[in-house]
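Chemist: The following block contains a protein sequence and its predicted model.
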Amino acid sequence: MPTLDPKVLADLLAAQRNEITEYHLYTRLAKKTRDNHNRDVLARIASDELRHHNFWQTYTQTEAKPKMFMVWIYLVVARTFGLTFGVKLMEKGEGRAKRNYHRIAEILPAAKAIAEEEDKHEQELLGMLQEQKLQYIGSIVLGLNDALVELTGALAGLTFALQHTRLIALTGFITGVAASFSMAASEYLSIKAETSHGHHDRHPLRAAVYTGITYIITVFILILPFILIANVFTALVITLMLGIIIIALFNFYASVAQGTNFKRRFLEMALLSLGVSLITFTIGVVVRLFWQIEI
């Protein structure tokens, strides 16, 4: 066995600790998962992590302790935001550790093979995970996107036309709830039509519920500033900021769980929402001035 440079040894110990930490995480996730398929996938990943840990230990000759705090954090994330998001977020965070493997491989050529095997095999296994909520991302996107575009636009137009926060909030809420039922019904009929032709594996009612609930939650968040703040223009600015935050958070979730391009989808949704808001605000100005409405 070659004499290891202190820096290389430190990298090996870090890799070993990461592996044993992930072993404990995947083992616990497997025990908490009801789905038999996902349980088998997680158990296979855990087995690989333990094997890799044992490989690094033959060189370090040291017992590595898992980072149990990180295990707990990712368990909470997985339980809150979904199994796929939790494990893929963790793997995304391990990028820095994996980039150190090339330095280790200069001394230990076998390390390169282990790193390549881990990266390829884990990605294949993670791609095998099946989670119901990810099948309905399209329905969630529909509810979220329509609520953001339609309601931010409506609130922007109402802001100048009415200039009364409570009235704007009430009008926005009624408009939003009606639109949420309309969108849910449309999604139900759309998925049902596709399912009857054998083109879909999503349940129509479940898809409609995801769309409707997402829409209503978004409506409530967007009208909240008009309930809490007296100045209509301040409330509008905060509403638009909340809309951008919602878009950013959702697209971050989708980029991790589904591997989509965060920047492209975020810019697309944000520009669409702000563009519609600007147009309807202008319409509100014109309507108020043309009809000389005073409330």
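Modeler: Sure, I can see it.
Chemist: host element of the residue nearest in space to the middle of the chain?
Modeler: When C-alpha atoms, centre = their mean is applied to the chain, the residue found nearest the centroid is Tyr253 (1.1 Å). In this structure, Tyr253 sits in helix 232-257 according to DSSP states H and E.
Chemist: Mind listing what's buried along that helix?
Modeler: For helix 232-257, the neighbour count (16 or more other C-beta atoms under 10 Å) marks 232, 235-236, 238-240, 242-244, 246-247, 250-251, 253-257 as buried. C-betas here are computed from N, CA, C, even on glycine.
Chemist: can you check stretch 267-286 too?
Modeler: Using 16+ other C-beta under 10 Å as the test for burial, stretch 267-286 gives 269-270, 272-274, 276-277, 280-281, 284.
Chemist: Have a look at these and tell me the least confident one.
Modeler: Checking pLDDT across the buried residues of stretch 267-286, the minimum falls on Gly284 at 64.
Chemist: and the residue nearest to Ala254 when sequence neighbours are not counted, how far is that from Ile168?
Modeler: Excluding its sequence neighbours, the residue lying closest to Ala254 (C-beta to C-beta, 6 or more residues apart in numbering) is Thr260, at 5.1 Å. From Thr260 across to Ile168, the span is 34 Å (C-beta to C-beta, to the nearest Å).
Chemist: Looking at the two, which is more packed in?
Modeler: For Thr260 versus Ile168, neighbours defined as other C-beta atoms under 10 Å are more numerous around Ile168 (26 against 13).
Chemist: which residues sit in contact with the more buried one?
Modeler: 155, 158-159, 162, 223, 226, 232, 235 (C-beta atoms under 8 Å, 6 or more residues apart in numbering).
Chemist: what does stretch 54-67 contact?
Modeler: Residues contacting stretch 54-67 (C-beta under 8 Å, 6+ apart): 1, 4, 9, 12-13, 15-17, 19-21, 23-24, 53, 108, 110, 114.
Chemist: what do you get if the cut-off is 10 Å, keeping everything else the same?
Modeler: 1-2, 4, 8-25, 53, 73, 104, 107-108, 110-111, 113-114 (C-beta atoms under 10 Å, 6 or more residues apart in numbering).
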